[in-house]
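1. only geometry, no sequence info:
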């Protein structure tokens, strides 16, 4: 009979400071002793009454631990009583439930490697870094009407019945889809009915769904170069061959040779405000791209991520509504117009594929966020969304102007400011002797978070600059922030 008092620390086991129940701690200690070999196969455990007396604990605690071990196959009943079972793999396991003071006696076998696709992804920015000045893509969070949103969200929760706590329609809540359809028809020139609108968990979710639903593994996906890294990630994760397409002053610029040699299945583009360079695709090129995509049998993914914030005139109409039955999937998001944590976006798909996609979505997603969708529908229908956009357009224009003026006063190196027709950021090119990755790292150490322009590329022609978000920085702070950025880069160059 094994003397378990030699293996178990009675003081640790009975200590009152533990929040884990005693019977659970006893089970964990015995389980680990079996796994790491301190209790070999065939070892007979003391009777529950005996062990309870020796440890000074209640017998029910021992019985519970023995029963749990037996249920999981660590011990079994025999003529000798309760004995340790013969396990095929007796490796010590590093358990998240391990009891304090218990250590593994053997090293764990290495786990299998991650997939090659996932190992290529490496986003390590923290939530705190995302909130620092000059971080692109973050709206003016302190200007959002929290009181209105909280009221609508509370009202949505009050109206929830227990049945609404289950999985929700894969296309999204009908009320929100109708509100989105009404808005994009009026504001963006999108031609659609409610049946074509699909609510998603944001643009990244929309891209992942498109990559799976509209292309097969191994087919080509064209993405802008430089461009939004999330598009590359979604396509690569779906097993597509990503082809970087160069940009010019009018946006996506594929050559005739590229069309012939590497015809795409998907074409990702941001025509109303190219991300990150800020160019706007003119009408002639939009129509030509649609015509060429039709000839190639390709889908265009039109990401209209921040076109509401146009600073030199009304927003341009979306590509989606230019040609009847265009092979365009229109992607929208509320992360830039409202706030990123909302995690709600949408797609508008052609009418002749919405029915087929609806069946696929039932297998691909499990939709939820019922209260949030209901509140957002009310936010749009009651006019709060339009009111918020009207308020933010001049605010962002003011902050962009403040950034441009501060750069003109304090920036000591040659460079060009790109973009600015709309959106939440500018691009500042850097001279060759200042590498944008080094500049961004130096800025981060000083509490600023611009992004290196080279991080948006995929090889080919190098891009050297800083992507400067201005939306979440008040205009009155911009001068000081630019001087802080100059000092950070200057100090980095001196090292």
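-> All right, it came through fine. Values in this document were obtained by computation on a predicted structure and should not be read as measured data.
2. C-alpha from now on. contacts and neighbour counts both.
-> Fine.
3. How about residue 449: what's its closest non-neighbour residue?
-> Of all residues not flanking residue 449 in the chain, residue 135 sits nearest, at 4.9 Å (CA to CA, 6 or more residues apart in numbering).
4. residues near that neighbour, how many?
-> By other CA atoms under 10 Å, 23 other residues sit near residue 135.
5. can I assume it is in contact with residue 452?
-> No: counting by CA atoms under 8 Å, residue 135 sits too far from residue 452 to count as a contact (10.7 Å).
6. Centroid-wise, who is the farthest residue in the protein?
-> When distances are taken from the C-alpha mean of the chain, residue 79 lies farthest, 56.7 Å away, according to CA atoms, centre = their mean.
7. Is residue 59 in contact with residue 52, as I believe?
-> Yes: counting by CA under 8 Å, residue 59 does reach residue 52; the two are 5.0 Å apart.
8. which residues of the stretch 201-350 of the chain fall in strands?
-> Ranges of strands within the stretch 201-350 of the chain are 220-225, 241-248, 251-252, 266-269, 299-303, 328-333, 345-348, based on DSSP state E, counting those that start in this stretch.
9. Please identify which of those strands is closest to residue 145.
-> Residue 145 sits nearest to strand 328-333 of all the strands of the stretch 201-350 of the chain, at 17.9 Å, using CA to CA.
10. Tell me which other helices or strands that closest one touches.
-> helix 203-213, strand 299-303, strand 345-348 (3 or more CA pairs under 8 Å, 6 or more residues apart in numbering; DSSP states H and E).
11. Include distance to residue 290, mean neighbour count and mean pLDDT when you put the ones you listed into TSV, please.
-> Shown next, in TSV, are the helices and strands packed on strand 328-333 (distance: least, CA to CA, whole Å; neighbours: other CA atoms under 10 Å; pLDDT from 0 to 100):
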stretch	distance to residue 290	mean neighbour count	mean pLDDT
helix 203-213	17	21	93
strand 299-303	8	24	96
strand 345-348	16	25	95
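12. Out of those, which is closest to residue 178?
-> Of these, nearest to residue 178 by CA to CA is strand 345-348, at 11.6 Å.
13. in its sheet, what does that closest one sit against?
-> Using DSSP bridges, strand 345-348 pairs in its sheet with strand 197-200 (antiparallel), strand 328-333 (antiparallel).
14. any idea which of the ones you listed is most buried?
-> strand 197-200 (a mean of 26; mean count of other CA atoms under 10 Å).
15. from the chain's centre, how far out does that one sit?
-> What separates the centre of strand 197-200 from the centre of its chain is 17 Å, taken as CA atoms, centre = their mean, to the nearest Å.
16. Phi first, then psi, for residue 130.
-> The phi/psi pair for residue 130 (degrees, to the nearest 10) reads phi -60, psi -20.
17. Could I get the contacting residues of it?
-> 138, 449 (CA atoms under 8 Å, 6 or more residues apart in numbering).
18. confidence score at it?
-> With respect to pLDDT, residue 130 scores 84.
19. What count of nearby residues applies to residue 34?
-> Per other CA under 10 Å, the neighbour tally for residue 34 reads 24.
20. And the helix or strand encompassing it, what does it pack against?
-> For residue 34, the host element (DSSP states H and E) is helix 22-35. Helix 22-35 makes packing contacts with helix 10-14, helix 59-71 when contacts are defined by 3+ CA pairs under 8 Å, 6+ apart.
21. Same list (the ones you listed) but as a markdown table, adding mean neighbour count.
-> Formatted as a markdown table, these follow (neighbours: other CA atoms under 10 Å):
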| stretch | mean neighbour count |
| --- | --- |
| helix 10-14 | 15 |
| helix 59-71 | 18 |
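22. Flag the shaky bits of the chain, pLDDT-wise.
-> Low-confidence regions of the chain, defined here as pLDDT under 70, cover residues 1-19, 88-109, 111, 114-125, 313-315, 459-461.
23. before we move on, the earlier item: between the strands paired with strand 345-348, which gets nearest to residue 467?
-> Closest to residue 467 of these is strand 328-333 (CA to CA; 20.5 Å).
24. Next, the angle from the closest one to strand 299-303.
-> Between strand 328-333 and strand 299-303, the angle comes out at 20 degrees (axes from the mean of the first three to the mean of the last three CA atoms, to 10 degrees).
25. Pull the number of nearby residues for residue 434.
-> That count, for residue 434 with other CA under 10 Å as the rule, works out to 17.
26. I meant to write residue 359 there.
-> A count of neighbours around residue 359, defined by other CA under 10 Å, yields 12.
27. in the stretch 1-150 of the chain, which spans are helices?
-> Using DSSP state H, counting those that start in this stretch, the helices assigned to the stretch 1-150 of the chain run over residues 10-14, 22-35, 48-55, 59-71, 116-119, 127-130, 146-158.
28. and residue 474, which of these is closest to it?
-> helix 127-130 (16.0 Å).
29. quick one on the thing from earlier: now the strands paired with strand 345-348 as a markdown table including distance to residue 83?
-> Shown next, in a markdown table, are the strands paired with strand 345-348 (distance: least, CA to CA, whole Å):
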| stretch | distance to residue 83 |
| --- | --- |
| strand 197-200 | 53 |
| strand 328-333 | 60 |
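30. For residue 393, find the nearest of those.
-> Here strand 328-333 is closest among the strands paired with strand 345-348 (CA to CA), at 16.7 Å.
31. what angle separates that closest one from helix 203-213?
-> Using the same axes, to 10 degrees: strand 328-333 against helix 203-213 is 150 degrees.
32. got the contact list for the residue nearest the centre of the chain?
-> With distances taken as CA atoms, centre = their mean, residue 204 lies nearest the centre of the chain, 6.5 Å away. Applying CA under 8 Å, 6+ apart to residue 204 gives the contacts 230, 231, 234.
33. OK, contacts around the second one?
-> Listed by CA under 8 Å, 6+ apart, the contact partners of residue 231 are 204, 207, 223, 268.
34. how about TSV for those residues, with distance to residue 154 added?
-> Formatted as TSV, the contacts of residue 231 follow (distance: CA to CA, whole Å):
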residue	distance to residue 154
204	27
207	31
223	41
268	37
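35. can you map out the strands along the stretch 351-495 of the chain?
-> Using DSSP E, counting those that start in this stretch, strands in the stretch 351-495 of the chain cover 417-418, 425-429, 451-452, 465-469.
36. can I get these in TSV with distance to residue 443 and mean neighbour count?
-> Conversion of the strands of the stretch 351-495 of the chain to TSV gives the following (distance: least, CA to CA, whole Å; neighbours: other CA atoms under 10 Å):
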stretch	distance to residue 443	mean neighbour count
strand 417-418	18	17
strand 425-429	14	25
strand 451-452	10	24
strand 465-469	11	27
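37. looking at those, which is closest to residue 31?
-> The nearest among the strands of the stretch 351-495 of the chain, by CA to CA, is strand 451-452 at 48.9 Å.
38. So which residues make contact with that closest one?
-> Everything outside strand 451-452 that qualifies as a contact, by CA under 8 Å, 6+ apart, is 135, 136, 436, 437, 439, 440, 464, 465, 466, 467, 468.
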